[in-house]
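Trainee: any chance you could fold what I've pasted below:
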Amino acid sequence: MMGRIAGLGILLCAVIAGGGLYYLQVYGYYRAVPAEQVVIRLTPLDGGAPQVLAVTEVQAIDAHSSPIRFRACFTLAQAATDLAGRFETRAEALPRLAPKWFDCFDAPALTQALQSGAATAYLGEKNIAFGVDRIVAIDAQGRGFVWHDLNDCGDKAYDGTIVGEECPRLPETK
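Mentor: Residues are numbered from 1 along each chain as shown. The predicted structure is shown next:
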């Protein structure tokens with residue numbers, strides 16, 4: 001009898017801990033970002049400063065727990081074809097999954113659109129956070145999607161490889 005009670009107690013603790021962990025990963029750390037605080041930029045081919053895009057219908061989420069949790073959706077205020085040949089593209093960029101409740105950002109559908117050529121991925125801003133680039137994908141209808149992805153410096157810094165001189169200095173932690 002005592003063994004059953006102990007077993008049920010352990011099982012109950014495991015279910016509560018698992019439920020808490022799930023909640024924190026899917027809901028707890030994320031917060032909505034007001035549309036007026038989201039500025040979408042693209043990096044020009046000439047390497048100049050990123051240029052602001054005119055966008056509407058912005059929805060965005062972010063989390064303080066990680067620089068790669070940012071996701072946004074928007075509608076481009078100009079024709080998507082106006083961007084071709086002016087901004088740096090990222091052919092290898094694939095979106096990270098977003099929480100299912102952030103339903104404007106469908107990573108599997110976006111991946112398919114990028115691979116088929118129905119959408120184009122651009123470099124939004126390099127090193128938006130240390131070792132993290134902002135990627136902006138826009139489809140032919142002018143729907144846009146934003147996520148953060150590790151760049152080469154971020155890959156090196158977070159896997160323990162020596163970063164090297166080509167990367168900016170890692171910020172000091174407090």
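Trainee: and the residue nearest the centre of this protein?
Mentor: residue 147 (2.5 Å; C-alpha atoms, centre = their mean).
Trainee: contacts for the helix or strand harbouring that one, please.
Mentor: For residue 147, the element it lies in under DSSP states H and E is strand 143-150. Contacting residues not belonging to strand 143-150 are listed as 40, 53, 55, 60, 67-76, 93, 95-96, 98, 105, 110, 119, 124, 128-129, 131-138, 158 [C-beta atoms under 8 Å, 6 or more residues apart in numbering]. Using the backbone N, CA and C atoms, a C-beta is placed for each residue, glycine as well.
Trainee: show me where pLDDT drops low in this protein?
Mentor: 24, 26-27, 157, 162-166, 168-174 (pLDDT under 70).
Trainee: scan it for its longest helix.
Mentor: As assigned by DSSP state H, the longest helix anywhere in the chain is helix 2-23.
Trainee: mind listing the helices for the protein?
Mentor: 2-23, 107-116, 152-159.
Trainee: can you add distance to residue 142 and mean neighbour count and give these back as TSV?
Mentor: Listed next are the helices of the chain as TSV, based on distance: least, C-beta to C-beta, whole Å; neighbours: other C-beta atoms under 10 Å:
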stretch	distance to residue 142	mean neighbour count
helix 2-23	35	10
helix 107-116	13	15
helix 152-159	30	15
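Trainee: could you save those helices as JSON lines and add columns showing distance to residue 31?
Mentor: Formatted as JSON lines, the helices of the chain follow (distance: least, C-beta to C-beta, whole Å):
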{"stretch": "helix 2-23", "distance to residue 31": "14"}
{"stretch": "helix 107-116", "distance to residue 31": "20"}
{"stretch": "helix 152-159", "distance to residue 31": "23"}
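Trainee: thinking again about what came up before, hey, what's the residue nearest to the centre of the chain bridged with?
Mentor: Beta-bridge pairing of residue 147 under DSSP bridges involves residue 71, residue 135.
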